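K.L.:
Just the structure for this:
(one chain, ligands or ions: 1)
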Amino acid sequence: MGKVEREHGLALSSYKQPCLRRRLAVRMRARGVHGYAAYALLLDRMPDEYDLLLDALTINVTRFFRNPEAFALLRERVVPRLWAGAGPVTVWSAGCASGEEPYSIALLFAERARIGALNARLRIDATDLDPGVLEALRRAEYPAAAVEHVPPALLERFFTPGPPYRLDPVLARTVHPLVHDLTREPPPQPPYRLIVCRNVVIYFDRPTQERLFSRFADALAPGGLLMLGKVETLFGPARARFELEEPRERLFRLR
Ligand SMILES: C[S@@+](CC[C@H](N)C(=O)[O-])C[C@H]1O[C@@H](n2cnc3c(N)ncnc32)[C@H](O)[C@@H]1O
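P.N.:
Just a heads-up that it's a prediction; the model follows:
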């Protein structure tokens, strides 16, 4: 770490140590290297990795309804379609960070259905590599900045007044947290009707992304939907298995 600070001016020591170690572990796993020494060598060889490491230090940045246009699309076109059918509605929020993304999806369903019906039919698997962020997800308490984009009616109905704003524990029960490494582990409980994986694959190298996209395709029910982050692209062998449903919001439908 000292080497990185001296040579590259990253103020690593100004970060909390457990957080920093978790972040470095995320990057080392994404690159498949073991140990700080090996990682330092990789940093020397691959200048791009510095940017990714920097990003990694803020990697768990998220908020409710992040990129509101993506959630508008889910609200208007996706959630009604999923809820209209019969049977279980299975969703996977992959790389869910501290829960704002899966809980935002739960809120979109809560707008349309009674909470009892939701608990009977809706299951949102929320997975992340980082156990620390899943602890925050379980607490389901958020500062004002995190809930800034929550529509006021939903904020009033499903949160206790804050800060911290606490999500309705009954609604929170539709979200099932699990520590899970997207680069190594198979999807937790397929088939899914919707997989949302935003602002995560960008940290992985190309072969890892391609493998992951194929896994997503395998894990979707026929006609199932995949949403990536705004700057992420679907490529590789899995691309041919999807129709482009909405280019701006990176929404794809399994053929
Ligand atoms: C920038 S956040 C994205 C949160 C949310 N999806 C959003 O867009 O608001 C990226 C998350 O991916 C997680 N992550 C990084 N590598 C991962 C991996 N190999 N498997 C699962 N999650 C990973 C990080 O821990 C972090 O919480």
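K.L.:
Given the host helix or strand of Pro177, what are its sheet partners and their directions?
P.N.:
Here Pro177, judged by DSSP states H and E, is contained in strand 175-179. Sheet partners assigned to strand 175-179 using DSSP bridges are listed as strand 122-128 (parallel).
K.L.:
picking up where we left off before, what's whichever helix or strand comes after the strand holding Pro177 packed up against?
P.N.:
Next along the chain after strand 175-179, taking DSSP H and E as the criterion, comes strand 192-197. The helices and strands touching strand 192-197, judged by 3 or more CB pairs under 8 Å, 6 or more residues apart in numbering; DSSP states H and E, are strand 89-94, helix 100-110, helix 206-219, strand 220-228. For the C-beta atoms, the positions are set from N, CA and C on the backbone; glycine is no exception.
K.L.:
and for strand 192-197, what are the contacting residues?
P.N.:
Residues from elsewhere that reach strand 192-197 (CB atoms under 8 Å, 6 or more residues apart in numbering): 78, 82, 89-95, 101-102, 105, 125, 182, 212, 216, 219-221, 224-229.
K.L.:
now it against helix 206-219, angle please.
P.N.:
Taking axes from the mean of the first three to the mean of the last three CA atoms, to 10 degrees, strand 192-197 and helix 206-219 form an angle of 160 degrees between their directions.
K.L.:
Run the chain-centre distance for strand 192-197.
P.N.:
10 Å (CA atoms, centre = their mean, to the nearest Å).
K.L.:
Just checking: what are the partner strands of it?
P.N.:
With DSSP bridges as the test, strand 192-197 pairs up with strand 89-94 (parallel), strand 220-228 (parallel).
K.L.:
Residues of the chain that sit close to the ligand?
P.N.:
For the chain, the residues in contact with the ligand (CB under 6 Å from any ligand atom) are 26, 29-30, 59-62, 66, 95-97, 101, 128-130, 133, 180-183, 198-200, 203, 229.
K.L.:
rerun that using 5 Å as the cut-off
P.N.:
Counting by CB under 5 Å from any ligand atom, the chain comes close to the ligand at 26, 59-60, 62, 66, 95, 97, 101, 128-130, 133, 181-183, 198-200.
K.L.:
one step back: highest mean neighbour count across the strands paired with strand 192-197, which stretch is it?
P.N.:
Highest mean neighbour count of those: strand 89-94, a mean of 26 (counted as mean count of other CB atoms under 10 Å).
K.L.:
Which residues outside that one are in contact with it?
P.N.:
Surrounding strand 89-94, the residues in contact under the criterion CB under 8 Å, 6+ apart are 82-83, 101-102, 105, 109, 121-127, 175, 180, 182, 187-197, 200, 216, 219, 221.
K.L.:
what do you get for stretch 210-229?
P.N.:
Stretch 210-229 is touched from outside by 67, 70, 74, 78, 90, 92, 94, 182-183, 186-187, 190-202, 204, 234-239, 241-242, 245, 249-254, with contacts defined as CB under 8 Å, 6+ apart.
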